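Participant: Structure for this input, please:
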Amino acid sequence: MKSAVRVQLSFMMFLEFFIWGAWFVTLGTFVLKNLQDTSATQVSVAFLTQSIGAVIAPFIVGIIADRFIAAQVILGVIHLIGTALLWICSGMTTFDSFYPVLLVYMILYMPTLALVNAISFRQMSDPSKEFSFIRVFGTVGWIIAGLLIGWLHWEKTNSLDLTFKMAAAASLLLGVFSFTLPKTPPSKKGTKVSVREILGLDAIRMLKNRSYLLFFLSSIAICIPLAFYYNFTNPFLNEIGMDAAAGKQSMGQMSEFLFMLVMPLFFARLGVKKMLALGMLAWVIRYTLFAYGNIDTNYWMLIVGIVLHGICYDFFFVTGQIYTDKIAGEEFKSSAQGFVTLATYGVGMLIGFLISGPIVEAYKTSGGHNWQTIWLIPAGIAGAVLVLFMLFFRDNKVDKNTVVKH
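Facilitator: Residues are numbered from 1 along each chain as shown. Take a look at the predicted model:
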């Protein structure tokens, strides 16, 4: 890969995840504090927009990017529209007005996660070695967003509307920059579109591979407890009195950055199964630390739980993206990335978002929440998924016999 292309892809990843991290980490706190008369259940409903967007993502990416319009053009148009939607979100004061705008934005944004991966993979000869060094700049973007929020004290001063404005500015920049990215034309342009492909069923062919089917089901299941983290970590840390919680949470992305750099080494030595299993085990440990951590004597547990994010995210999600790219083969790389987004950010987290809000609401107390019981619930779910995964997943070597035939 040429150095100029590497720089372009790295900057693309930086902006893509800066935009997301700029408002997403503090969304729960924004809903509870900036909008009128809201509850934990409405926090879950707000986060649910991510899952709705992820469910739709394979249809947008698989149909349009694989057949009609170049991926970098779609990416640019979506982020330009997103600029206006994020700015509108910043001025909302009621949940009823905020929710539909956020929903439209996430329906547009979630497909871009697959698009940036597809654009990157098309420029690489060996994604298992090259992708992590590009993707790591997305982590840097998320870190800087969190540090800025903490440094500017937007949580403490109840100024989280500014997070959406910051994200809008970055979205405008990426929207314009996208049109300069390497051309990523549709791989099946000019061919006949069948009903099967319109429904996104081409990528489902990957499920004929037994190992991939088990990975897909595990991805759905592990994202149920993951939803608890996204929904309520920031409100939890703010409620128990952690100063600059969003800034502290960025240590998780710093850990992600470090593990991303050494992922090729781990991938070569451990293989897919062990990488995925370690990622799931880290989730079990993290939630247990949150359950027993506090702002005084067990403050270290909170910090370690945050720092474990590097293993939690990289070993499961990035490994899964690489694994999916190999299984999919050349012809349907874009729709394949959209498909794994459907499993993780879509179906799995949709279930998690639906159950996490009512659970947190059920353990509400006069002084806040019973966080120990709340966090032990996702710890138990993650532990059960890990055991089942270890028993049934087979780490078959990906070769010409395991790649999906189209």
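Participant: Wait, residue 118 touches residue 71, no?
Facilitator: Yes: contact status for residue 118 versus residue 71: in contact at 5.4 Å, counting by C-beta atoms under 8 Å. C-beta here means a position set from N, CA and C on the backbone, and glycine is covered the same way.
Participant: Neighbour count: these two, which is higher?
Facilitator: Legend: neighbour count by other C-beta atoms under 10 Å for residue 118 and residue 71, higher for residue 71 (30 against 24).
Participant: quick one, helices of the stretch 1-150 of the chain?
Facilitator: Taking DSSP state H, counting those that start in this stretch as the test, the helices found in the stretch 1-150 of the chain are 3-24, 27-34, 40-59, 66-67, 71-90, 95-121, 127-151.
Participant: With residue 351 as the reference, name the closest of those.
Facilitator: In terms of C-beta to C-beta, the element of the helices of the stretch 1-150 of the chain nearest to residue 351 is helix 40-59, at 8.3 Å.
Participant: tell me what the closest one is packed against?
Facilitator: Counting contacts by 3 or more C-beta pairs under 8 Å, 6 or more residues apart in numbering; DSSP states H and E, helix 40-59 packs against helix 27-34, helix 95-121, helix 210-239, helix 333-341, helix 349-362.
Participant: Now that helix - C-alpha only, PDB.
Facilitator: C-alpha atoms of helix 40-59 as PDB (Å, rounded to 0.1, in the frame of the first residue of the first chain):
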ATOM      1  CA  ALA A  40     -33.200   4.700  32.300                       C
ATOM      2  CA  THR A  41     -35.700   3.100  30.000                       C
ATOM      3  CA  GLN A  42     -35.500   6.100  27.600                       C
ATOM      4  CA  VAL A  43     -31.700   5.900  27.800                       C
ATOM      5  CA  SER A  44     -32.000   2.400  26.400                       C
ATOM      6  CA  VAL A  45     -34.500   3.600  23.700                       C
ATOM      7  CA  ALA A  46     -32.000   6.300  22.600                       C
ATOM      8  CA  PHE A  47     -29.200   3.700  22.300                       C
ATOM      9  CA  LEU A  48     -31.600   1.400  20.500                       C
ATOM     10  CA  THR A  49     -31.300   3.700  17.500                       C
ATOM     11  CA  GLN A  50     -27.800   2.200  17.000                       C
ATOM     12  CA  SER A  51     -29.200  -1.300  16.600                       C
ATOM     13  CA  ILE A  52     -32.000  -0.100  14.200                       C
ATOM     14  CA  GLY A  53     -29.300   1.500  12.100                       C
ATOM     15  CA  ALA A  54     -27.100  -1.600  12.200                       C
ATOM     16  CA  VAL A  55     -30.000  -3.900  11.100                       C
ATOM     17  CA  ILE A  56     -30.600  -1.700   8.100                       C
ATOM     18  CA  ALA A  57     -26.800  -1.300   7.300                       C
ATOM     19  CA  PRO A  58     -26.400  -4.600   5.300                       C
ATOM     20  CA  PHE A  59     -29.200  -3.500   3.000                       C
END
